[in-house]
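S.K.: fold the following and give me the result.
(one chain, ligands or ions: 2)
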Amino acid sequence: MDSSVVSDFFSSAPALQSNLGILSPDQIELAKILLENGQSHLFLHWPEPGVCDKEKLSFFEQLSWRLAAYIKTAKELLADSKVGKNPYDGFSPSVPSGENLTFGDENFIEMEKRGVAEASKAAFVLVAGGLGERLVALPRETTTGTCFLQHYIESILALQEASHKVASDGSQREIPFIIMTSDDTHSRTQELLKSNSYFGMKPTQVHLLKQEKVACLDDNDARLALDPHNKYKIQTKPHGHGDVHSLLYSSGLLDKWLDAGLKWVLFFQDTNGLLFNAIPASLGVSATKQYHVNSLAVPRKAKEAIGGITKLTHADGRSMVINVEYNQLDPLLRASGFPDGDVNCETGYSPFPGNINQLILELGPYKEELQKTGGAIKEFVNPKYKDSTKTSFKSSTRLECMMQDYPKTLPPTARVGFTVMDIWLAYAPVKNNPEDAAKVPKGNPYHSATSGEMAIYRANSLILQKAGVKVEEPVKQVLNGQEVEVWPRITWKPKWGMIFSDIKTKVCGHCEVSQRSTMAILGRNVLIEDLCLDGALIIDSVDDAEVHLGGLIRNDGWTMENVDYKDTSVPEEIRIRGFRFNKVEQLEKKFTQPGKIAVVDLPRVK
Ligand SMILES: O=c1ccn([C@@H]2O[C@H](COP(=O)(O)OP(=O)(O)O[C@H]3OC[C@@H](O)[C@H](O)[C@H]3O)[C@@H](O)[C@H]2O)c(=O)[nH]1
Ligand SMILES: [Mg+2]
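M.R.: Ligands and ions are numbered 1, 2, ... in the order given. The predicted structure is shown next:
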């Protein structure tokens, strides 16, 4: 372009025009793209050349050639949102049918075994990016203080080991573990891993993939927002967990995995302490049913903040089974013959299974699909409007995408299914602070740190009950304004028991645990036989020790003290739970030598 044409083009943005001399040809090209896309406001405040030149140049570092496409999509989506266009226009929703698993029955046990056999062909992907307000560094439970990330890693390692024992191809593959981070979580996650020696995983097994944020939008014309703290920067916000697919695609890992003979990729989220109870059996379902996509689900309460798995059938005959996000389910239902919207049916639950956003994808078809799409996931926009005229936003918005929308581009031949499991077994996310948890409609899950921790004790108690242990029934207690069931505080390391058939081999005879008890099993070969526990017991042992635990163990135990979440004298990770343990008395044993050890009829420790 000759210079007079250039300056004509820029005459609509005089402040920019007078600065053209300090810009490189590439920067001028980018500026042109911005003007062509209605972004001249970004330069209005630019002073004359010689003032803040460094800042002006740095403004371009953030920009990419993809911005034009982003703005174009944003304009279209914002226009649709303004007129209230139904994103599912032409589709009618119905309740899909999937696989149902019942903990402990023959089929469940079979599926778990199958899942363990498949596990050495799996890779795990944790999405832990975004704003980072929910952290994998939080304790999953406070009996042992183990954080979510440690529990996830130990679960993957336990699966890996169990899988090696039964692998038909004799494989000793290490299960890759990928964590998607963001600028807000990357260094904290890296630090947590390094300072804990990767919680026992080989550092080469773990890969961090960092997602970038995307440009914010100030209005319906998709005018980009400037950072309130730096007017030479565009404000950015997270793009959603859907980025995980394009990051995986461009990482080159998928090819490596295929070459290494892997078959499955399992995606999961940051703070569901029950998740690994569900993994072996659902991986077994994927393998048995040959699902390309298997979404894990639990019964869903109407209006619960989890998406509904829905069958969408188009007027033209197409249909798909897909997550409809929780904020879209009610309007979709109302618009399509369900006048009451998102309500419970006679079972007391929504007829639509709740998506827990744990996806199991078959690697081969996944990679083929990504080769077509590059991993791009259909975007959406969710502006918070100031009023019903929908002309301005309360705060800037941005385009987002969700990992569970992956099946939307799949051909009708793809085998897309889902697996429904008991809530107590599989889902207890920690995502609401105490104030928000207290506002949850009565009868719906709180999704708080309190309910998340209590759910772990309940699940472990129920599993032991089903294995034949007489675990005393829970008491109801109000913690941080939430009524929860308090079961005995039972925890164990994944290497002690990953699947039900293993756990059953570790308990025998007549065992009892009282409600006020605490039991933490940290060793691998700890066998519980004719044990009666009424108090606190912590048992740790080296892997090649075999500890036989029995007899009567009674002590004053650990009591639970109420803590108010507003009490800032207590560390935040404790007060968000509404209680802390007073460790009055316990029996704590650590066996460091190999060999058989019997622990029976222990005397009181005092
Ligand atoms: O940009 C992002 C946003 C989020 N995330 C991660 O994604 C996970 C979920 O975060 P969100 O808060 O967006 O998800 P929500 O809990 O609101 O809903 C999600 O889980 C429950 C399901 O029923 C919903 O369908 C699903 O979208 C977290 O692990 C978070 O760290 C990213 O990695 N990047
Ligand atoms: Mg969300």
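S.K.: alpha carbons only for contacts and neighbour counts from here, please
M.R.: Fine.
S.K.: up against ligand 1, what does this structure have?
M.R.: Within the chain, the positions near ligand 1 by C-alpha under 6 Å from any ligand atom are 127-130, 132, 180, 238-241, 269-270, 306-307, 325, 355-357.
S.K.: what about A123, which SS state?
M.R.: The three-state label given to A123 by DSSP: H, G, I helix; E, B strand; the rest coil is strand.
S.K.: can you offset everything so residue one is 15?
M.R.: Shifting the count to begin at 15 puts that one at A137.
S.K.: now for this protein, the helix or strand with the poorest mean pLDDT.
M.R.: Between all helices and strands in the chain, the lowest mean by mean pLDDT, DSSP states H and E belongs to helix 17-23, at a mean of 64.
S.K.: how is the chain carved up into domains?
M.R.: According to the TED database, the chain comprises the domains 17-77, 96-445, 450-614.
S.K.: need those in TSV with distance to K86, can you?
M.R.: As requested, these are exported to TSV (distance: least, C-alpha to C-alpha, whole Å):
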stretch	distance to K86
domain 17-77	8
domain 96-445	8
domain 450-614	36
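S.K.: among the ones you listed, which comes closest to A83?
M.R.: A83 lies closest to domain 17-77 among the domains of the chain, at 9.6 Å (C-alpha to C-alpha).
S.K.: show me how far that closest one is from its chain's centre.
M.R.: Taking C-alpha atoms, centre = their mean, to the nearest Å, one finds the center of domain 17-77 at 41 Å from the center of the full chain.
S.K.: stretch 130-150: which residues count as buried?
M.R.: Buried residues in stretch 130-150, defined by neighbour count with 16 or more other C-alpha atoms under 10 Å: 130-146, 148-150.
S.K.: try stretch 548-561
M.R.: In terms of neighbour count (16+ other C-alpha under 10 Å), stretch 548-561 has its buried residues at 548-557, 559-561.
S.K.: just put these in a markdown table and tack on secondary structure.
M.R.: Listed next are those as a markdown table, based on three-state DSSP:
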| residue | secondary structure |
| --- | --- |
| D548 | strand |
| G549 | coil |
| A550 | strand |
| L551 | strand |
| I552 | strand |
| I553 | strand |
| D554 | strand |
| S555 | strand |
| V556 | coil |
| D557 | coil |
| A559 | strand |
| E560 | strand |
| V561 | strand |
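S.K.: export these to CSV and tack on pLDDT?
M.R.: Formatted as CSV, those follow (pLDDT from 0 to 100):
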residue, pLDDT
D548, 97
G549, 97
A550, 97
L551, 97
I552, 97
I553, 97
D554, 97
S555, 97
V556, 97
D557, 95
A559, 96
E560, 96
V561, 96
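S.K.: can you show me the helices along the stretch 65-214 of the chain?
M.R.: With helices called from DSSP state H, counting those that start in this stretch, the stretch 65-214 of the chain shows them at 67-75, 81-96, 120-132, 162-180, 200-209.
S.K.: now swap in the stretch 265-414 of the chain and tell me
M.R.: Taking DSSP H, counting those that start in this stretch, the helices of the stretch 265-414 of the chain run over residues 267-273, 289-303, 340-348, 377-387.
S.K.: OK, contacts around V228?
M.R.: With contact taken as C-alpha atoms under 8 Å, 6 or more residues apart in numbering, V228 is in contact with T250, K251, P252, H253, R412, L413.
S.K.: what is the burial count for the fourth one?
M.R.: Other residues lying near H253 total 22 when counted by other C-alpha atoms under 10 Å.
S.K.: also the third one?
M.R.: P252 is flanked by 23 other residues according to other C-alpha under 10 Å.
S.K.: same question, the second one
M.R.: Around K251 sit 18 other residues, with neighbours defined as other C-alpha under 10 Å.
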